[in-house]
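> Any chance you could fold what I've pasted below:
(one chain, ligands or ions: 1)
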Amino acid sequence: MAISEMTWHEVFDACQGRCQYCGADLVSSLLAYRCAEVDHLLPPSNPDRDKPENLVLACRPCNGSLSRAHGLGLFTVAQRKAYLEGTNAGFEARRIQHFKAIYGRTPVE
Ligand SMILES: [Zn+2]
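So this is what the prediction gives:
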C-alpha cells in the first residue's frame, strides 16, 4: 500500500530532508527535492511496514539500489547503508556523480 501524503511529509521532516544513506541534502534545489523518496525498511509482508518509524527518506539512486535488500534480510538503516557501501563497488563514484548532477560541484567531505 502506498503511504499518504501526510506520512511522506512526516518522514521528510523527521529525516530533515536528507537521504539517510548518502546524506544528500534533498531541500537544496527543486531537482534534489524531486529525487526524494520514502524507503520502506520492512518487506511488504510486514503489517507495520507503513508506520512512520519504519520509513526513512532516501534519494532515488540509493532507494533504487535497495530493491534486493528485503530479500537479503536487510531491515535497518545501518544494514542497508552497509549494503550500499560495501557490496556495490561503484556506489561512491555514483554518489559523487549524482551530487555533481544536483549541485554542479563535487562534495566537500
Ligand atoms: Zn542517497
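> Could you give the bridge partners of V56?
Applying DSSP bridges to V56 yields these beta-bridge partners: D39.
> In contact with it, which residues?
With contacts defined as CB atoms under 8 Å, 6 or more residues apart in numbering, V56 is in contact with 11, 15, 20, 38-39, 41, 77. All C-beta spots, glycine's among them, are computed from the backbone N, C-alpha and C.
> So for this protein, the centremost residue is which one?
Computing the C-alpha centroid of the chain and ranking residues by CA atoms, centre = their mean puts A58 first, at 1.7 Å.
> surely that residue meets R18?
No - assessed by CB atoms under 8 Å, A58 is found out of contact with R18, at 9.6 Å.
> what do the two both touch?
In terms of CB under 8 Å, 6+ apart, A58 and R18 are not both contacted by any residue.
> Show me which residues of this protein sit near the ion.
Residues of the chain found near the ion, taking CB under 5 Å from the ion as the criterion, are 19, 21-22, 24, 59, 62.
> Adding pLDDT, write those residues out as CSV.
Conversion of the residues of the chain next to the ion to CSV gives the following (pLDDT from 0 to 100):
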residue, pLDDT
C19, 97
Y21, 95
C22, 92
A24, 94
C59, 95
C62, 93
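> In PyMOL, how would I select just the buried ones from the contacts of V56?
Here the buried members of the contacts of V56 are turned into a PyMOL selection, burial being counted by 16 or more other CB atoms under 10 Å:
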select buried, resi 11+15+20+38+39+41
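> Alright, that wraps it up for me.
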